[in-house]
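Colleague: Give me the fold of what follows.
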Amino acid sequence: MSFEKISKKSAEEKESSLLEWPKETEELIISEPKLRYINKILELLRPEENNEGEKMRWTEIYKNVKSYENVVDLSDNINEVVRDWIAKKIPSLKNNIPFLRDIDDKNILSALLDGEFEEIGKEVMGSRREVLFAVAASVTKRIENCAYQKILKEADDIHLQKLYLTPSTRDLLIELLDTSVKANPLFVRFLAYAQLSGRPLKKASAVTLYMPGDKRPHTIAEFFPHESQSLAKRFSSIAEHPQEWVTLPGGNIFKAYMEQLSKLYNEKNPAQAEKHQEAAASLFNNLLESDFPIILTLSTEGYYKEPYYDPELKISLATPDTKKEEVDFKKTQKAMADSLEVLGVKKFQKNIQNSNIRVAHTIGAYGVNLVFNAVAQEKPEPTILMYLNLHMRSDEEKFPSDLALIKNIKEEFGDQTDIQKENYIEKMPRYMTILHELAHNVYPDNSKEAKRLGRRPLTVIDEVKAEIIHKALVPHIIEKGGVPGTKRQWSYALLAGSLPWLKEPKRSPYYAATVYFLNGLFNRDTIRFYGGMFEIKDFEAYEKTVQSLAKEVLALYEDKNMTEKKAERWIIKRCTPNAEVEKISPALQAKTKR
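Modeller: Numbers count the residues shown, from 1 in each chain. This next block holds a predicted model:
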């Protein structure tokens, strides 16, 4: 059975709240869902005239990519060229697709290139328009993918050395790029299914999907056979024809990983699919424990519609500079583990100490990354993986402007030179991200305490927990030398680091985490917002408030009488914006537009 009958949902349906699922109707769509304006997306592929009046095809824009010295350079330079290409297409897209006219060009670019769909407006999220945007993002990623492949094919030995590649690993990388981009059409179809299929049954799992009115479980391979079998065949081919890369440390693990991914994408038996998913996740962790230079991230989380795992393939490179980051984070990791007793959760020290922190540069992000291109992840346990170049381009690049929304910043950071201040400030979000991911190890979602919360409430509270716990521990992590800077500087940074999440859809767990944090600070009169700026009124009260908020969340896990209904009520009560947060959101939306 393929995906042919799905519940119909109006494009105008309002956004769901934190705890709601899109509602299904009795009407069914026969055949694949059709999207108005989908043919207009092909405008992205039309040739453009260069400065000499010659027509340039999208397959040739790699020739405009600047020279590079490392992976970050290559990534940024390709992003710049693709961004310029897409920017030239936006006026025509707006002319042909009316609803785009109300969206700022810059936000369209952020959505199509960087997976920042929150930039295109909350009314688009969860609607048919989101699927259309995902198709456009898929076309954009195809253009980017082509540029990577052609540059890598033409790279000489000197340029391969700059990327820390050999001819053999270069060929493997090209194969993976050519394969992984196929996850995009798979995700687009999954996205349509997720929007229109109603609330998952309680017995649904990461890889067992259900149709409305059908109690029989299905798999990705069964619903979407064409896309899944294409991936399965390609992964099988890579495993069956290994080159010299198989002799590198971790090479045999990577080969086995390819074989397992092929089995996963080819499996139509739900019970076997779950076993293949577990085996693939285990091999992925083994790969990260090795020194193999290429990392291929598989589906490990359900961002869009838990518990279903979103189709995902993400290609990254481990290089000497990312290794240095891993060494630096070891100090942060130890300091955090040693600080847990402050919140009464010392029993999770080993969880945090045993986390395997890896850092890599991403050169191809496909599948769910079309709509949500995460800069880090904490699954599968015990892995934490940061995509450094994405983090630098997103969180770190934008952080100074968020920090500038708080009064007295210049005075607090004024004892450093401009260069030191810039480098230090932009690295603060890097520490915050790692601390957030490490905090997931406190009452992890497979613990009995977490399971008491129920499926959807757990998804929300797990992010609230990770966000508030790491904020509460930072003052103690500073004392133990885990992060540079002063307590006051970090008070500013932790406040600023939360603000971008207010642009998320209201059903986003990250939005809930930020609202909980800001509600608490406003309720206890530790901060105020006036004249478009934040002010921390009392730093000692600020620290105590954050610690109190963290203990409140931990109490949810520790309550033996906790139920899903109680957890839902807590979210509605504590993660709904209070008057102050409601008031600042529109102001921040205007001030933080990129």
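
Colleague: Buried residues of the host helix or strand of A555, list them for me.
Modeller: Per DSSP states H and E: A555 is located in helix 539-558. Within helix 539-558, the residues scored as buried using 16 or more other CB atoms under 10 Å are Y542, E543, T545, V546, Q547, L549, A550, K551, V553, L554, L556, Y557. Where C-beta positions appear, they are placed from N, C-alpha and C, glycine not excepted.

Colleague: Please enumerate the strands of the stretch 101-250 of the chain.
Modeller: Secondary structure of the stretch 101-250 of the chain (DSSP state E, counting those that start in this stretch): strands at 209-211, 214-218.

Colleague: Out of those strands, which one sits most buried?
Modeller: Comparing these by mean neighbour count (mean count of other CB atoms under 10 Å), strand 209-211 comes out on top with a mean of 22.

Colleague: Neighbouring strands of it in the sheet, and parallel or not?
Modeller: Within its sheet, strand 209-211 is paired with strand 214-218 (antiparallel), according to DSSP bridges.

Colleague: close enough to count as contact, N70 and L163?
Modeller: Yes - using CB atoms under 8 Å, N70 is in contact with L163, at 7.3 Å.

Colleague: any shared contact partners between these two?
Modeller: Common contacts of N70 and L163 (CB atoms under 8 Å, 6 or more residues apart in numbering): T319.

Colleague: More neighbours: the two, which one.
Modeller: Using other CB atoms under 10 Å as the criterion, N70 and L163 rank with L163 on top: 24 against 17.

Colleague: Next, that one: phi, psi?
Modeller: With angles defined as degrees, to the nearest 10, L163 sits at phi -100, psi 0.

Colleague: Look up how far E69 lies from it.
Modeller: 10 Å (CB to CB, to the nearest Å).

Colleague: Same check on E504?
Modeller: With distances taken as CB to CB, E504 is found 35 Å from E69.

Colleague: Contacts only, for the nearest residue to D525 once chain neighbours are set aside.
Modeller: Of all residues not flanking D525 in the chain, K537 sits nearest, at 6.8 Å (CB to CB, 6 or more residues apart in numbering). Residues in contact with K537, defined by CB under 8 Å, 6+ apart, are D525, T526, I527, R528.

Colleague: Below-threshold pLDDT in the protein: ranges please.
Modeller: Within the chain, the segments meeting pLDDT under 70 span 1-35, 122-123, 415-422, 589-594.

Colleague: can you pull out the strands in the stretch 451-594 of the chain?
Modeller: 527-530, 533-536.

Colleague: So for the last one, what gets flagged as buried?
Modeller: Under the neighbour-count criterion of 16+ other CB under 10 Å, strand 533-536 has F534, I536 buried.

Colleague: ok now it, how far from the chain's centre?
Modeller: Computed by CA atoms, centre = their mean, to the nearest Å, the chain-centroid distance of strand 533-536 equals 29 Å.

Colleague: Just the C-alpha atoms of that strand, please, in CSV.
Modeller: What follows is strand 533-536 as a C-alpha-only set of coordinates in CSV (Å, rounded to 0.1, in the frame of the first residue of the first chain):
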residue,chain,number,x,y,z
MET,A,533,15.0,47.0,25.3
PHE,A,534,15.4,44.5,28.1
GLU,A,535,16.9,45.4,31.4
ILE,A,536,18.0,43.0,34.2
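
Colleague: Start at 91, not 1
Modeller: OK, 91 is where the count begins now, so the last one is strand 623-626.

Colleague: Burial check on the residue nearest to M482 when sequence neighbours are not counted, number of neighbours?
Modeller: With CB to CB, 6+ apart as the criterion, M482 has its nearest non-adjacent residue at 7.1 Å, and that residue is V162. By other CB under 10 Å, 17 other residues sit near V162.

Colleague: Please name the residues that touch V162.
Modeller: Contacts of V162 by CB under 8 Å, 6+ apart are D411, H451, L478, N479, M482.

Colleague: What residues of the one helix or strand it maps to count as buried?
Modeller: For V162, the host element (DSSP H and E) is helix 161-186. For helix 161-186, a neighbour-count test (16+ other CB under 10 Å) marks 161-169, 171-173, 175-176, 179-180, 183-184 as buried.

Colleague: try stretch 346-360
Modeller: Buried residues in stretch 346-360, counted by 16+ other CB under 10 Å: 346-357, 360.

Colleague: helix, strand or coil for G454?
Modeller: At G454 the chain is in strand, as set by DSSP: H, G, I helix; E, B strand; the rest coil.

Colleague: what's around it, how many residues?
Modeller: G454: 24 surrounding residues under other CB under 10 Å.

Colleague: for it, what are its contacts?
Modeller: Residues in contact with G454 (CB under 8 Å, 6+ apart) are K231, E234, N235, Y238, L266, L267, S270, V271, L403, K404, I405.

Colleague: so what's the last one closest to, chain neighbours aside?
Modeller: Closest residue to I405 in three dimensions, ignoring its sequence neighbours and counting by CB to CB, 6+ apart: G454, at 4.0 Å.
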